[in-house]
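Student: Using only what follows, build the 3D model:
(one chain, ligands or ions: 2)
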Amino acid sequence: MSQQFQSAPAPVRTDTAPSVASSATAASVPVFKTGRVPAPKYPVRRRWKAATRRIRELATVGHALLSKNHPVMAQIVPARFCNLSCTYCNEYDKVSEPTPLPEMLRRIDELARLGTSIITISGGEPLTHPELDEVIARIRHHGRIAGMITNGYLLMPDRIERLNRAGLDHMQISIDNIMPDETSKKSLKVLDRKLEMLREYADFHVNINSVVGGGISNPQDAITIGRRAIELGFTSTIGIIHDGDGQLKPLGGEERRVWAEMRGWKKTNYSKFNKFQEAIANAEPNDWRCRAGARYLYVCEDGLVHYCSQKRGFPGIPVAEYTKADIKREYITEKGCAPHCTVSCVHQISYIDHWRSPQTRSNHPGVSEGLVNIEL
Ligand code: SF4
Ligand code: SF4
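Tutor: Ligands and ions are numbered 1, 2, ... in the order given. Reported below is the predicted structural model:
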């Protein structure tokens with residue numbers, strides 16, 4: 001699952017990755033008062049970490065503009081197992097064991113060798129991996145930005161403090177509805193306590209992604225969730241879930257109204273990217289150059305590099321064998337699935353290079369069976 005950083009692309013999934021452009025921030029939205037927001041525990045330390053994180057993100061953007069030969073972001077899966085069973089999702093199972101730590105560390109080292117700037121941990125549910133802190137610490141040991149996409153269920157104060165110590169930079173939690181139902185248990189009612197814990201203890205940036213589409217019964221819930229996120233001092237994004245058949249479907253009337261309202265909470269300079277989002281909402285084709293396999297890598301639990309979560313098997317090369325030649329080849333390879341792609345995190349990463357290097361090869365990856373389409 002893919003999704004948001006504000007100045008630099010951040011971690012990606014709907015419990016997916018951060019985004020440069022699909023966000024709203026606290027200053028522009030009416031505050032949702034409950035009187036239950038605790039003061040953060042370490043405000044000075046938190047501000048210092050936020051300032052240094054921002055400098056590192058700006059350096060990442062600068063490096064991406066200067067060099068085309070490294071991945072800007074990789075998403076890596078340490079555990080395919082998930083403790084939940086959202087009906088729209090098939091990026092999880094109930095049987096997989098966590099990838100052993102030494103193997104995870106080797107894969108992080110390989111991503112660093114390739115020059116990857118941002119490494120986002122997803123799953124399944126990454127917090128079910130017992131040694132996740134060491135994976136995060138390894139990312140930071142290499143000086144890279146560390147992100148995570150989680151359903152948040154396993155967060156507790158001590159776990160949050162461990163993530164602080166490991167050096168996590170960004171966390172994204174996707175909240176699908178207010179009350180749990182048969183589609184999703186990622187609900188504000190269940191997770192609000194976890195959000196308050198994050199507010200009090202987390203030194204890292206937190207983004208809350210709410211969604212419309214994909215069988216979510218009440219689109220209005222997204223507005224309540226977004227307002228609550230902003231009230232707690234987090235950023236908020238809105239994503240679109242598409243059905244798992246790989247086809248774009250236009251949003252319904254109420255879904256579209258909610259989506260437009262939340263996207264209007266903050267103006268963005270990424271007008272081109274907003275056009276991407278608009279076309280996705282309308283189920284219209286987009287004209288863009290997908291740089292998956294080059295600027296964005298998806299590394300599955302078996303350690304293979306894929307274009308993205310929806311195109312697993314392409315190119316399907318072990319990360320330990322991935323080379324700069326692979327990056328150069330995929331950079332100039334046009335993907336046949338691009339016009340109707342819903343993977344916004346790859347849109348965002350690819351936008352860095354939109355103005356340069358036309359693609360002269362082509363590949364038409366087929367349908368990856370059984371994969372979820374979640375747009376961030
Ligand atoms: S089942 Fe739900 S919580 Fe688990 S990975 Fe899928 S979307 Fe995330
Ligand atoms: S265009 Fe295809 S390969 Fe690129 S992100 Fe979209 S689905 Fe994945």
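Student: Name the residues of stretch 339-358 that are buried.
Tutor: 340-353 (16 or more other Cβ atoms under 10 Å). Backbone N, C-alpha and C define where each C-beta goes, glycine included.
Student: could I have that stretch exported to CSV, CA atoms only?
Tutor: This file holds the C-alpha atoms of stretch 339-358, laid out as CSV (Å, rounded to 0.1, in the frame of the first residue of the first chain):
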residue,chain,number,x,y,z
PRO,A,339,-2.3,6.0,-19.1
HIS,A,340,-4.7,4.3,-16.7
CYS,A,341,-2.4,3.9,-13.8
THR,A,342,-3.7,4.7,-10.3
VAL,A,343,-0.4,4.5,-8.3
SER,A,344,0.0,8.1,-7.3
CYS,A,345,3.2,7.7,-5.5
VAL,A,346,4.9,6.7,-8.7
HIS,A,347,3.2,9.6,-10.5
GLN,A,348,4.7,11.9,-7.9
ILE,A,349,8.2,10.5,-8.0
SER,A,350,8.1,10.4,-11.8
TYR,A,351,7.1,14.0,-12.0
ILE,A,352,10.6,15.0,-11.0
ASP,A,353,11.7,13.9,-14.4
HIS,A,354,8.6,14.8,-16.4
TRP,A,355,10.4,17.6,-18.2
ARG,A,356,13.4,15.5,-19.5
SER,A,357,14.5,12.3,-21.1
PRO,A,358,11.7,11.0,-23.4
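Student: Give me the pLDDT for the closest residue to ligand 2 within the chain.
Tutor: Using Cβ to the nearest ligand atom, the closest approach of the chain to ligand 2 is made by C341 at 3.0 Å. Listed pLDDT for C341 reads 87.
Student: Is it in contact with D287, as I believe?
Tutor: No: C341 is beyond contact range of D287, at 11.3 Å (criterion: Cβ atoms under 8 Å).
Student: So what's the residue count around P318?
Tutor: Counted with other Cβ atoms under 10 Å, residues neighbouring P318 total 13.
Student: and this protein, which of its residues are near ligand 1?
Tutor: 1, 15, 82, 84-86, 89, 91-92, 123-125, 151, 186 (Cβ under 6 Å from any ligand atom).
Student: what about the spatially closest residue to K186 that is not a sequence neighbour, how many residues close to it?
Tutor: The shortest distance from K186 to any non-neighbouring residue, by Cβ to Cβ, 6 or more residues apart in numbering, is to D176 (4.6 Å). The burial count assigned to D176 is 31, neighbours taken as other Cβ under 10 Å.
Student: Could you do G336 as well?
Tutor: By other Cβ under 10 Å, neighbour count at G336 equals 13.
Student: how far away is it from N90?
Tutor: 22 Å (Cβ to Cβ, to the nearest Å).
Student: same thing with D353?
Tutor: Counting by Cβ to Cβ, the gap from D353 to N90 is 30 Å.
Student: low pLDDT regions in this protein?
Tutor: Applying pLDDT under 70 to the chain flags the ranges 1-39, 242-248, 266-274, 366-376.
Student: other SSEs contacting the lengthiest helix in the chain?
Tutor: For the chain, the helix with the greatest residue count under DSSP state H is helix 43-66. With contacts taken as 3 or more Cβ pairs under 8 Å, 6 or more residues apart in numbering; DSSP states H and E, helix 43-66 sits against strand 145-150.
Student: Pull out the buried positions in the helix or strand that comes right after the strand it packs on.
Tutor: Going down the chain from strand 145-150, the next helix or strand is helix 157-166, by DSSP states H and E. By 16+ other Cβ under 10 Å, the buried positions in helix 157-166 come out as I160, L163, N164, A166.
Student: packing partners for helix 157-166?
Tutor: helix 132-141, helix 188-201.
Student: Pick the most deeply packed of the ones you listed.
Tutor: Most buried of these, by mean neighbour count (mean count of other Cβ atoms under 10 Å): helix 132-141, with a mean of 20.
Student: Taking helix 157-166 as reference, get the angle to that one.
Tutor: Computed by axes from the mean of the first three to the mean of the last three Cα atoms, to 10 degrees, the angle separating helix 132-141 from helix 157-166 equals 20 degrees.
Student: Contacts for helix 132-141, please.
Tutor: With contacts defined as Cβ atoms under 8 Å, 6 or more residues apart in numbering, helix 132-141 is touched by 78, 101, 104-105, 108-109, 119, 121, 126, 129, 145-146, 148, 162-163, 165-168.
Student: repeat that with 6 Å
Tutor: For helix 132-141, contacts defined as Cβ atoms under 6 Å, 6 or more residues apart in numbering pick out P78, L101, M104, L105, I108, I119, P126, A146, R162, A166, G167, L168.
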